[in-house]
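# prediction below, plus the sequence it came from.
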Amino acid sequence: MNREVPVGYSAREIALERIHAQALRFPDLDIAPFDPRTSVGHADIDPRDVALARAIEHAVVRRYLTLIACVKPHLQKNWPMLEKPIQAALLGGAAQILFLDRVPAAAAVDASVEWTKRRLRPGAGGLVNAVLRKVAASVAERLPIGDPAIADHTRRDIVPLADGSALRLSIEAFNVDAAACLAEKTSHARELILHWVGAFGFKETTRIAMHDLVDAPMIVTPFDAADPRFAGRASAHSDPAFGVWTGSHSELTETMASMPDLRVQDPTSCATVANLAGMLPKAPKVIVDLCAGRGTKTRQLATMFPNATIYATDPDDTRFAALARLRERHPGIKPLSPQSLFREAAGRADLLLLDVPCSNSGVLARRPEARYRFSKARTQSVVELQQRISDPATGLVAPGGAIIYATCSIERGENETQSKRLASRFGLSLVVDCSIMPDGMPGEPPSRYRDGGYHALLVKT
């Protein structure tokens with residue numbers, strides 16, 4: 001947060017402070033977790049208020065452009081001309097009115113008005129009050145799942161919701177242009193929607209954008225419905241050996257403590273290693289995980305190849321610390337700094353995992369803040385970063401060894417183009433080239449959900 005929050009602010013007002021900080025940095029939104037109790041310097045805030053503060057900010061981040069579109073018809077000024085505190089108050093108030101079912105509209109309006117008066121000036125509260133009351137009055141009805149109007153994605157008065165239902169407004173709030181309308185209704189950058197239309201066509205673009213509205217479930221593996229440790233805490237996913245976690249975070253921690261091999265991992269992420277392990281030219285004795293993050297795939301590799309030495313690294317200090325803790329249960333994992341890893345493993349890796357940074361376009365349901373960052377310049381920057389990581393990393397691979405190249409993106413320029421470039425430039429054989437589109441739509445059960453992503457297997461012959 002950019003300013004100290006006065007003691008006495010309610011959790012709802014703390015959420016508005018957070019949203020103000022988001023408005024200042026848009027389109028580079030941030031979803032770092034926060035605890036309102038520490039934000040105000042004392043711990044006596046009711047847990048329900050803590051949950052509300054988080055829910056308000058989460059709703060704003062997920063539907064930032066939708067909220068602006070629903071507010072704009074009631075403004076006399078253009079949105080960019082509004083002062084940032086007023087933008088924050090309107091975003092936070094409208095998010096509660098439109099997307100938080102259990103929040104009375106009057107309470108959302110009153111809190112936003114009072115915060116604006118304290119944060120900016122008394123007169124600004126009048127504008128916020130008038131606009132939010134009009135937003136609340138514009139909600140004509142809630143359409144149930146399956147209503148034909150929801151399927152008409154060109155309608156300018158329908159606000160689709162994560163559970164498959166929708167709000168019908170009394171006004172046509174969204175853009176008359178079909179691509180811009182879809183961008184606003186699903187809260188994606190218009191440039192991203194246009195890019196997808198060019199790559200996949202309008203029908204598939206609509207499907208992907210609607211998928212991104214889903215509240216992505218937490219998925220665990222390996223899952224066995226007969227295991228009593230999962231009873232009442234997880235249900236079966238449509239992919240065998242995966243379960244949708246429905247228990248609390250503390251219950252997950254408890255279950256993972258009793259099941260060292262249990263991972264929080266989407267089927268698409270898991271497939272990166274699981275689908276390719278049987279296609280490796282030889283059982284790996286030395287594995288390098290160059291962009292290991294917090295080590296989910298590192299643990300997966302350790303389980304699949306228990307006799308291998310796995311060198312793992314990540315440039316982020318927090319993630320590297322998480323890698324270091326993996327040695328307690330997986331002695332074959334050896335966390336090293338990037339510099340040390342290149343010295344220790346040069347020319348020795350039977351398997352190199354390159355799970356490289358990407359645009360995250362296959363996981364925008366999980367990473368909603370990334371929906372707004374898309375641009376051709378940023379995409380080119382990501383592609384260049386992938387090349388700076390991948391090209392020197394090929395020197396780690398032993399003769400006859402293999403490379404798994406993976407992203408959580410659905411962009412051809414980050415995926416197929418990159419793997420083919422690696423194959424051509426370094427004399428590698430491209431054995432597998434697999435793109436997986438995201439699945440699971442609003443209104444469908446969580447068991448249908450899966451992220452999008454890409455993986456390729458290249459062999460050094």
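Sure thing, it's come through. All values reported here derive from a predicted model rather than from experimental measurement.
# mind listing the strands for the stretch 351-461 of the chain?
Assigned by DSSP state E, counting those that start in this stretch, the stretch 351-461 of the chain shows strands spanning 397-407, 428-436, 453-460.
# show me what the first one is in contact with.
Outside of strand 397-407, the residues within contact range by C-beta atoms under 8 Å, 6 or more residues apart in numbering are 272-273, 276, 280-282, 284, 286, 347-356, 358, 362, 386, 390, 393-394, 414-415, 418-419, 422, 428, 431, 453-461. Using the backbone N, CA and C atoms, a C-beta is placed for each residue, glycine as well.
# quick one: buried residues of that strand?
Of the residues in strand 397-407, Val397, Ala398, Gly401, Ala402, Ile403, Ile404, Tyr405, Ala406, Thr407 count as buried by neighbour count, 16 or more other C-beta atoms under 10 Å.
# hey, what's the fifth one bridged with?
When you say that, I think you mean Ile403. With DSSP bridges as the criterion, Ile403 is bridged to Leu352, Leu458.
# and the gap between it and Leu458?
Look at Ile403 and Leu458: by C-beta to C-beta, to the nearest Å, they are 4 Å apart.
# can the buried residues of strand 397-407 go into a markdown table with extra columns for distance to Glu184 and pLDDT?
What follows is the buried residues of strand 397-407, written out as a markdown table (distance: C-beta to C-beta, whole Å; pLDDT from 0 to 100):
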| residue | distance to Glu184 | pLDDT |
| --- | --- | --- |
| Val397 | 46 | 97 |
| Ala398 | 51 | 97 |
| Gly401 | 48 | 97 |
| Ala402 | 44 | 97 |
| Ile403 | 41 | 98 |
| Ile404 | 38 | 98 |
| Tyr405 | 35 | 98 |
| Ala406 | 32 | 98 |
| Thr407 | 27 | 98 |
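# OK, contacts around the closest residue to Val113 other than its chain neighbours?
Leaving aside its sequence neighbours, Val113 sits nearest to Gly125 (C-beta to C-beta, 6 or more residues apart in numbering; 4.3 Å). Residues near Gly125 by C-beta under 8 Å, 6+ apart: Val113, Glu114, Thr116, Lys117.
# out of these, who's the most crowded?
The most crowded member of the contacts of Gly125, judged by other C-beta atoms under 10 Å, is Thr116 (27 neighbours).
# any idea which element it lies in?
helix 105-119 (DSSP states H and E).
# mean confidence for the helix or strand following that helix?
Of the helices and strands lying after helix 105-119 in sequence (DSSP H and E), the nearest is helix 124-137. Taken as a whole, helix 124-137 carries a mean pLDDT of 97.
# now do the SS call for Val244.
strand (DSSP: H, G, I helix; E, B strand; the rest coil).
# so it makes contact with Phe230?
No - counting by C-beta atoms under 8 Å, Val244 does not reach Phe230; the two are 10.4 Å apart.
# got any residues that touch both of the two?
Contact criterion C-beta under 8 Å, 6+ apart; residues shared by Val244 and Phe230: none found.
# and Cys270, what does it touch?
Thr221, Phe242, Arg263, Gln300.
# who are the contact partners of the third one?
For Arg263, the residues meeting the contact criterion (C-beta under 8 Å, 6+ apart) are Val220, Thr221, Cys270, Thr296, Arg299, Gln300.
# where does pLDDT dip in this structure?
For the chain, the stretches with pLDDT under 70 are 1-9, 34-44.
# try it again with 90
Along the chain, the parts satisfying pLDDT under 90 run over 1-14, 30-51, 102-103, 260, 277-278, 327-329, 461.
# which residue is the nearest non-sequential neighbour of the residue nearest the centre of it?
Nearest to the geometric centre of the chain sits Arg367, at 1.6 Å (C-alpha atoms, centre = their mean). Once flanking residues are discounted, Arg367 sits nearest to Asn360: 4.7 Å by C-beta to C-beta, 6+ apart.
# quick check: the one you found touching Pro368?
No - with contact defined as C-beta under 8 Å, Asn360 does not reach Pro368; the gap is 9.9 Å.
# list the residues that contact the nearest residue in space to Arg229 that is not next to it in sequence.
Using C-beta to C-beta, 6+ apart and skipping residues adjacent in sequence, the residue nearest Arg229 is Thr255, 5.4 Å away. Neighbouring residues of Thr255 by C-beta under 8 Å, 6+ apart: Arg229, Phe230, Arg233, Gly247, Leu262.
# what of Asp101?
Going by C-beta under 8 Å, 6+ apart, the list of residues near Asp101 is empty.
# what does it show for phi and psi?
For Asp101, the backbone dihedrals (degrees, to the nearest 10) come out as phi -60, psi -40.
# and Ser269, how far from Ala136?
Taking C-beta to C-beta, one finds Ser269 at 41 Å from Ala136.
# swap in Ala346?
63 Å.
# higher neighbour count, the two?
Neighbour tally, Ala346 and Ala136, criterion other C-beta under 10 Å: the higher count belongs to Ala136, 18 against 13.
# number of residues surrounding the residue nearest to the more buried one when sequence neighbours are not counted?
Leaving aside its sequence neighbours, Ala136 sits nearest to Ala105 (C-beta to C-beta, 6+ apart; 4.2 Å). Ala105: 18 surrounding residues under other C-beta under 10 Å.
# coming back round to it: kindly write the ChimeraX command that selects the buried subset of the contacts of Thr255.
Buried residues within these, by 16+ other C-beta under 10 Å, are selected in ChimeraX with:
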select :230,233,247,262
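# so where do the helices sit in the stretch 301-450 of the chain?
317-325, 338-345, 376-393, 416-426 (DSSP state H, counting those that start in this stretch).
# I meant to write the stretch 151-300 of the chain there.
Under DSSP H, counting those that start in this stretch, the stretch 151-300 of the chain gives helices at 178-186, 190-200, 202-211, 249-258, 267-274, 296-304.
# just send the ones you listed back as CSV, with distance to Pro446 too.
Formatted as CSV, the helices of the stretch 151-300 of the chain follow (distance: least, C-beta to C-beta, whole Å):
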stretch, distance to Pro446
helix 178-186, 19
helix 190-200, 24
helix 202-211, 13
helix 249-258, 15
helix 267-274, 12
helix 296-304, 19
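# and those: which comes nearest Pro33?
helix 249-258 (11.2 Å; C-beta to C-beta).
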